[in-house]
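*Asks:* Generate a structure from the sequence data that follows.
(4 chains)
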Number of protein chains: 2
Amino acid sequence: MTSTTESSNANTRERLMDAAGELFAASGFRDVTVRQICQKAQANIAAVNYHFRDKESLYREVVLSAYRTARERYPLNVGVTDADPPEKRLRAFVRGILGRIFDESNPPWGRLLAREMVDPTHALDGVVEEGMRPQYALLSSIVKQAAGTGLTEAQLARLCEAIVGQVLVYHTCRVVMQKVTPGGAPGREQIDELSDHIVAFSMGAIRAVTAPPGGKR
Amino acid sequence: MTSTTESSNANTRERLMDAAGELFAASGFRDVTVRQICQKAQANIAAVNYHFRDKESLYREVVLSAYRTARERYPLNVGVTDADPPEKRLRAFVRGILGRIFDESNPPWGRLLAREMVDPTHALDGVVEEGMRPQYALLSSIVKQAAGTGLTEAQLARLCEAIVGQVLVYHTCRVVMQKVTPGGAPGREQIDELSDHIVAFSMGAIRAVTAPPGGKR
DNA sequence: CTCCGTGTGAAACAATCGCTTCAAGCGAGT
DNA sequence: ACTCGCTTGAAGCGATTGTTTCACACGGAG
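*Replies:* Numbers count the residues shown, from 1 in each chain, chains lettered A, B, ... in the order given. Reported below is the predicted structural model:
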């Protein structure tokens, strides 16, 4: 029921953003018409151009708002401090990102971000500067703590990318995994299992990569 | 020059597919008009509806053709046999996928695939069945060889996903990495470096995950 | 009551889309 | 030379798009 029309007692502006968020995430900027948005929000066609300047401004506000909602709802340091061991900090980080991308409730930030990755608009610029950059710095500090010193900047970047990739693959490749992976693509009910695996995998890899004199090679 | 108009001596059908591939990859199905395609291919507007049934059929043919080109150009087992050690086989696999996603020449398969991941059409179905599934089976066999027996199907899937994620992140997150990562996003000239890192990272992780009685925990 | 700013409603705007139509061009076969 | 099938060209069709316009409803301030 909440998926068809927005609760009509809120003010028009918020109803428009709710409806637009869901539609934009599902079909993208271009494939969504302002008529669809207004119908879903139970508003008049002119409402979009009145409350926002035009369709594109509405989209930008939706994307930024969706990111901020996801960031509030899924912090990346829940239950940990900077003094905790890197493994624990990494688990909190991974759990947070997984929570964000698996949350399909309104507004579905994961889908909006995925679309922005493929078709970047200026809506992404603010999100990157405001969110991605400090978020990457956090992951970088965790990895640095786990790997010890003696890492070049490039090596550090590769390690961070490996972790980010392991997490985001569950969103970007969901369509393919649904068909190819035995058991289908993991869902939000397996966040614990997935984060445990990613942390174990990555910590083992970091130890192996940063301490080569151990085994073979 | 090859980027503006297609060489006009080839037959119209191929020129249309070339132009459409480049445009679809750059802007997506919806944002590309048949008029743009025909102008770039130096063909008449009616040519699309004559040689292909409609815009959508043209798109489907472009996607399938782009995948087959990428598969021919970048095999996943170059220089290796099934008898080779898993590390060598994995490196060939990773190098192949990296080659495909970093190749921006026409048709840019990576971009087309990324768009299909976000907005799946029936064009993806054939590619998945014809390409993704055996490709996943190959990776699965490599991982199984590396990890030894005693893996549940789910554990095996998680390991494969981790490797796929590490590779695809360099395509899906390129826009963000360009701004956030120190040194910018890696390019196709760093394929060797990246595959070495991914293989070392993953092999170390697999050994750590599948042999827990070693260190701590 | 009157006025006026905020917000909404219905209608229409110009532009652009995919697709169709139909005539003409072209080259090979007879 | 003539015809026939394949291909191309120019024009236009109907539908849909984002946006604008303008009249009207409402509700507090003077």
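*Asks:* Show me how chain A divides into domains.
*Replies:* A:12-52, A:64-210 (automatic domain parsing).
*Asks:* Pipe those into TSV and attach mean neighbour count and mean pLDDT per row.
*Replies:* Any C-beta I mention is one placed from the backbone N, CA and C, and that applies to glycine too. Output for the domains of chain A, formatted as TSV (neighbours: other CB atoms under 10 Å in any protein chain shown; pLDDT from 0 to 100):
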stretch	mean neighbour count	mean pLDDT
domain A:12-52	19	97
domain A:64-210	19	96
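*Asks:* Let me have those in a markdown table, extended by distance to B:N49.
*Replies:* As requested, those are arranged in a markdown table below (distance: least, CB to CB, whole Å):
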| stretch | distance to B:N49 |
| --- | --- |
| domain A:12-52 | 22 |
| domain A:64-210 | 27 |
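*Asks:* what about the nearest residue to A:V169 once chain neighbours are set aside, which helix or strand?
*Replies:* Leaving aside its sequence neighbours, A:V169 sits nearest to B:G165 (CB to CB, 6 or more residues apart in numbering or on different chains; 3.0 Å). Counting by DSSP states H and E, the element that carries B:G165 is helix B:153-172.
*Asks:* which strands and helices sit next to that helix?
*Replies:* On a contact count with 3 or more CB pairs under 8 Å, 6 or more residues apart in numbering or on different chains; DSSP states H and E, helix B:153-172 meets helix A:153-172, helix A:191-210, helix B:86-102, helix B:109-118, helix B:133-147, helix B:191-210.
*Asks:* For the closest residue to A:Y67 other than its chain neighbours, which residues are in contact?
*Replies:* Spatially, and ignoring its direct neighbours in sequence, A:Y67 is nearest to A:V127 (4.8 Å; CB to CB, 6+ apart). Each residue near A:V127 by CB atoms under 8 Å, 6 or more residues apart in numbering or on different chains is listed here: A:V63, A:L64, A:Y67, A:L113, A:E116.
*Asks:* ok, now which ones touch the third one?
*Replies:* To tie it back to what came earlier, the one meant is A:Y67. Applying CB under 8 Å, 6+ apart, we find A:Y67 in contact with A:W109, A:L112, A:L113, A:V127, A:E130, A:G131.
*Asks:* The first one contacts A:D103, correct?
*Replies:* It refers to A:W109. Yes: using CB atoms under 8 Å, A:W109 is in contact with A:D103, at 7.1 Å.
*Asks:* which residues are contacting stretch A:98-115?
*Replies:* A:2, A:17-18, A:21-22, A:24-26, A:28-29, A:62-63, A:65-67, A:69-71, A:73-74, A:127, A:167-168, A:170-172, A:187-188, A:191, A:194-195, B:117-118, B:172.
*Asks:* returning to that earlier point: among the contacts of A:V127, which one lies nearest to DNA strand D?
*Replies:* Comparing the contacts of A:V127 against DNA strand D with CB to the nearest atom of the strand places A:V63 closest, at 15.8 Å.
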